[in-house]
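In: Give me coordinates for this.
(one chain, ligands or ions: 2)
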Amino acid sequence: MDKLLEVKDLVVEFPTRRGVLRALDGVSFDIAPGEVLGVVGESGAGKSLTGAAIIGLLEPPGRIAGGEIRLQGERIDHLPPAQMRRIRGRRIGAIFQDPLTSLNPLYTIGRQLTETILTHLDVTPAQARQRAIELLKDTGIPAAEERIDHYPHQFSGGMRQRVVIALALAAEPQLVVADEPTTALDVSIQAQIITLLKRICRERGAAVMLVTHDMGVIAETCDRVAVMYAGRVVEIGPVHEVIHRPAHPYTAGLMRCIPDMEAERERLHQIDGAMPRLNEIPRGCAFHPRCDKVMLRCHDQRPNLMPAGATHAACWLHEAATTAAAEIAR
Ligand code: SF4
Ligand code: MG
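Out: Ligands and ions are numbered 1, 2, ... in the order given. Purely as a prediction, here's the structure:
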């Protein structure tokens, strides 16, 4: 598979007065050009941190303490800030939960769009403005020729998030990292925005990493999905497989919680127990205190991702199958 983004054994730590907290502990996955990868998990699993590490916006004192992040084969995990800013503008676009964090309230949206376009693309100011208008039209902003000269506060929440999508795509990035892009919006327009994001990225050939806690959104939008738990990816695979034939007991629990995707998309089923705090992550498989399939070795041996049917899962239940397959291959 052609790889656009590769994340390998990523470790993110936060030094605290009482020691170092490991928030991500060996996160690995990749994204192909044009692919939509969903990242799902309960809050605190490390989804947003993974996104922040990729776009070079970890909040200090958080730091990348191990592993690597590659964009088209090139390491981007320890670049100087100026270089990372260039990548973030040009090759990776970012969309956050609250549109207001991405927009400057003091400038018209036209100015923000054209500045981004002029910084990263080789065009004249008049061409940049034309592009900005087209982007706004593409994202469904009515009367784009006029509204381009409006300020962020003159838009509704949903319209603002459309502007943010336009801004994230202004420099024609190869990858868009979207962190809960619809959570702050009215439920009635969430689906519209997600559909828009998917369509506009597809048309432009941009890959998407979509961070969300909403399995319904993942099911409707993504090609593949990565499930995170306690700072690691515990299962990754084609979205249909992960939903209908989950290989990891945690994923299976999560999936039981979508009784009816239409009616109850917000309500994640409660698996007994809670995700551990960062300073109390159990030895072995971090899920073992909550797992109904727990075995002896799960208490002290930590599983890495291994082939599990059509997906990959970090669970010892699949090791026998892996070994058997290896023996047949021999
Ligand atoms: Fe459960 Fe063991 Fe698999 Fe962890 S490794 S999910 S504890 S069976
Ligand atoms: Mg988050």
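
In: Tell me where the model's unsure across the stretch 1-150 of the chain.
Out: 1 (pLDDT under 70).

In: So in terms of bridging, what pairs with Y229?
Out: Under DSSP bridges, the beta-bridge partners of Y229 are R232.

In: Any idea how many residues pack against it?
Out: 24 (other CB atoms under 10 Å). No exception for glycine: its C-beta is placed from N, CA and C like everyone else's.

In: For whichever residue of the stretch 101-250 of the chain sits closest to ligand 1, which residues are in contact?
Out: Nearest residue of the stretch 101-250 of the chain to ligand 1, counting by CB to the nearest ligand atom: P249, 4.4 Å away. Contacts for P249 (CB atoms under 8 Å, 6 or more residues apart in numbering) come out as F287, C291, D292, K293, C315, L317.

In: go with 7 Å
Out: F287, C291, D292, K293, C315 (CB atoms under 7 Å, 6 or more residues apart in numbering).

In: Tabulate these (TSV), appending pLDDT, secondary structure and neighbour count.
Out: TSV is the format used below for these (pLDDT from 0 to 100; DSSP: H, G, I helix; E, B strand; the rest coil; neighbours: other CB atoms under 10 Å):
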residue	pLDDT	secondary structure	neighbour count
F287	96	coil	26
C291	96	coil	21
D292	93	coil	9
K293	96	coil	13
C315	98	coil	25
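
In: What's the per-residue pLDDT of the residue of the stretch 101-250 of the chain closest to ligand 1 here?
Out: Here, the pLDDT recorded for P249 equals 96.

In: show me where this protein has strands.
Out: 5-16, 19-31, 36-40, 63-71, 74-75, 92-95, 175-179, 207-211, 224-229, 232-238, 306-308, 311-313 (DSSP state E).

In: contact partners of stretch 200-216?
Out: 4, 31-40, 42-43, 47-48, 51, 138-139, 165, 169, 172-180, 197, 218, 221-222, 254, 258, 261, 265, 268.

In: Please list all residues in contact with G38.
Out: Counted by CB under 7 Å, 6+ apart, G38 has contacts L210, T212, I218, T221, C222, V225, V239.

In: swap the cut-off to 8 Å and go again
Out: G38 is in contact with L210, V211, T212, V217, I218, T221, C222, R224, V225, A226, V239, counting by CB under 8 Å, 6+ apart.

In: Kindly provide the distance from it to G44.
Out: Using CB to CB, to the nearest Å, G38 is found at 18 Å from G44.

In: do the same with M209
Out: 19 Å.

In: remind me, longest helix of this protein?
Out: Criterion DSSP state H: the longest helix present in the chain is helix 187-204.

In: now it and strand 175-179, what's the angle there?
Out: 170 degrees (axes from the mean of the first three to the mean of the last three CA atoms, to 10 degrees).

In: what's around the nearest residue to E319 once chain neighbours are set aside, how many residues?
Out: Leaving out its chain neighbours, the residue that sits closest to E319 by CB to CB, 6 or more residues apart in numbering is M306, at 6.3 Å. Per other CB under 10 Å, the neighbour tally for M306 reads 17.

In: E241 and A308 touch, don't they?
Out: No: here E241 lies out of contact with A308, judged by CB atoms under 8 Å, at a distance of 9.6 Å.

In: higher neighbour count, these two?
Out: Higher neighbour count among E241 and A308: A308, with 24 against 17, using other CB under 10 Å.

In: how close does L21 sit to ligand 1?
Out: Per CB to the nearest ligand atom, to the nearest Å, L21 is found 22 Å from ligand 1.

In: Okay, that residue and R63: tell me how far apart.
Out: 11 Å.

In: Identify all residues paired with the residue nearest to E319 through a beta bridge.
Out: Residues in beta-bridge contact with M306 (DSSP bridges): A313.

In: How many residues are close by the closest residue to ligand 1 within the stretch 51-200 of the chain?
Out: Nearest residue of the stretch 51-200 of the chain to ligand 1, counting by CB to the nearest ligand atom: G67, 21.5 Å away. Residues lying near G67 (other CB under 10 Å) number 18.

In: From what I see, it and D9 are in contact.
Out: Yes: when contacts are counted by CB under 8 Å, G67 is listed as touching D9 (3.8 Å).

In: and the chain, which residues reach ligand 1?
Out: Taking CB under 6 Å from any ligand atom as the criterion, the chain approaches ligand 1 at residues 248-249, 285, 287-288, 291, 293-295, 298, 303, 315-317.

In: among these, which are in helices?
Out: P249.

In: Tell me which two in the residues of the chain next to ligand 1 are the farthest apart.
Out: Greatest spacing in these, by CB to CB: H248 and M295 (13.9 Å).

In: Look at those two and report which has more neighbours.
Out: H248 (30 against 14).

In: wait, that one sits on C315?
Out: Yes: with contact defined as CB under 8 Å, H248 reaches C315; the gap is 4.9 Å.

In: tell me, what's touching L21 and R63 both at once?
Out: E13, F14, P15.

In: and which of these is nearest to ligand 1?
Out: After measuring these against ligand 1 - CB to the nearest ligand atom - the closest member comes out as E13, at 23.3 Å.
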